[in-house]
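A.B. asks: just need the structure, nothing else, for what follows:
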Amino acid sequence: MHTQFLHRGLSGGWLASLLLLPALALAAPVDDAVTELQHEWEVIKYQTPAKQQEEKFEALASKAGKVVESFPQRAEPLIWKGIIVSSWAGAKGGLGALGLVKQAKADYESAMKLDANALEGSAMNSLGVLYYKVPGWPVGFGNKDKAKELLQKALALNPKGIDPNFFYGEYWLEQGNAPEAIAYLERALQAPARPGRVIADNGRREEIRTLLDKARQMK
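C.D. replies: Just a heads-up that it's a prediction; the model follows:
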């Protein structure tokens with residue numbers, strides 16, 4: 001009877017719980033590592049003088065690369081590595097940044113192969129941003145149609161999010177469509193606060209207000 005009890009217990013909920021333990025043990029370290037990258041990124045982007053950002057983003061990109069190596073089957077580290085490398089490219093500027101942008105593109109594409117919906121579609125959103133910011137052929141890979149497609153998919157996954165609405169608004173502003181830009185930028189300004197992202201939210205709202213002013217002057 002004792003043996004039957006053990007068998008019944010392990011074949012039900014207990015067995016399922018035991019099988020989940022390795023996954024749960026892995027989830028906490030990767031989440032912690034990603035949160036650390038995220039926090040360091042927002043401090044550099046929004047609280048560090050512009051002249052120091054290139055060097056700091058370069059160091060953080062190296063750190064992100066190690067996180068990616070530690071969790072090769074997770075999309076989240078790849079997404080944040082791409083974001084950091086993209087920011088490094090922005091701080092570097094010029095044609096010298098194109099190699100970094102291509103590296104970020106590869107990171108986003110790899111993340112999407114693992115889990116396109118990770119972090120509420122952040123890989124799609126970030127890749128869409130690259131497609132409308134980077135010059136087109138023969139200099140770069142920029143493509144406004146691909147940008148729109150990816151941004152719309154990301155927005156469908158996170159329709160109230162500050163970032164997808166901000167970047168879709170910026171996309172329309174760069175296309176010269178002020179009314180569409182204003183609509184999405186205003187949605188971005190009304191987005192709910194993100195837990196633990198006070199620095200990023202405050203910084204993004206300042207960017208939104210700047211673009212809104214620009215869009216309203218275009219009308």
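A.B. asks: quick one: least confident helix or strand in this protein?
C.D. replies: helix 2-11 (a mean of 35; mean pLDDT, DSSP states H and E).
A.B. asks: any idea what sits nearest Ala200, other than its immediate chain neighbours?
C.D. replies: Closest residue in space to Ala200, ignoring its immediate chain neighbours: Glu42 at 4.2 Å, by Cβ to Cβ, 6 or more residues apart in numbering. C-betas here are computed from N, CA, C, even on glycine.
A.B. asks: and the pLDDT at the residue most central in space within the chain?
C.D. replies: By Cα atoms, centre = their mean, the chain has its centre lying nearest to Ser122, at 4.0 Å. In this model, Ser122 is scored at 97, pLDDT.
A.B. asks: so Lys81 makes contact with Val67?
C.D. replies: Yes - between Lys81 and Val67 there is a contact under Cβ atoms under 8 Å: 7.4 Å.
A.B. asks: these two: who's more crowded?
C.D. replies: Shown here are Lys81 and Val67; by other Cβ atoms under 10 Å, Lys81 has more neighbours (28 against 20).
A.B. asks: helix or strand: which one has the more buried one?
C.D. replies: Assigned by DSSP states H and E, Lys81 belongs to helix 75-92.
A.B. asks: got it, and Ile208?
C.D. replies: helix 198-218.
A.B. asks: run a quick neighbour tally on Glu207.
C.D. replies: 14.
A.B. asks: number of nearby residues for Gln175?
C.D. replies: Neighbourhood size, Gln175 [other Cβ under 10 Å]: 14.
A.B. asks: now do the residue lying closest to it once chain neighbours are set aside against Lys102, distance only.
C.D. replies: Excluding its sequence neighbours, the residue lying closest to Gln175 (Cβ to Cβ, 6+ apart) is Lys144, at 7.1 Å. Using Cβ to Cβ, to the nearest Å, we find Lys144 at a distance of 18 Å from Lys102.
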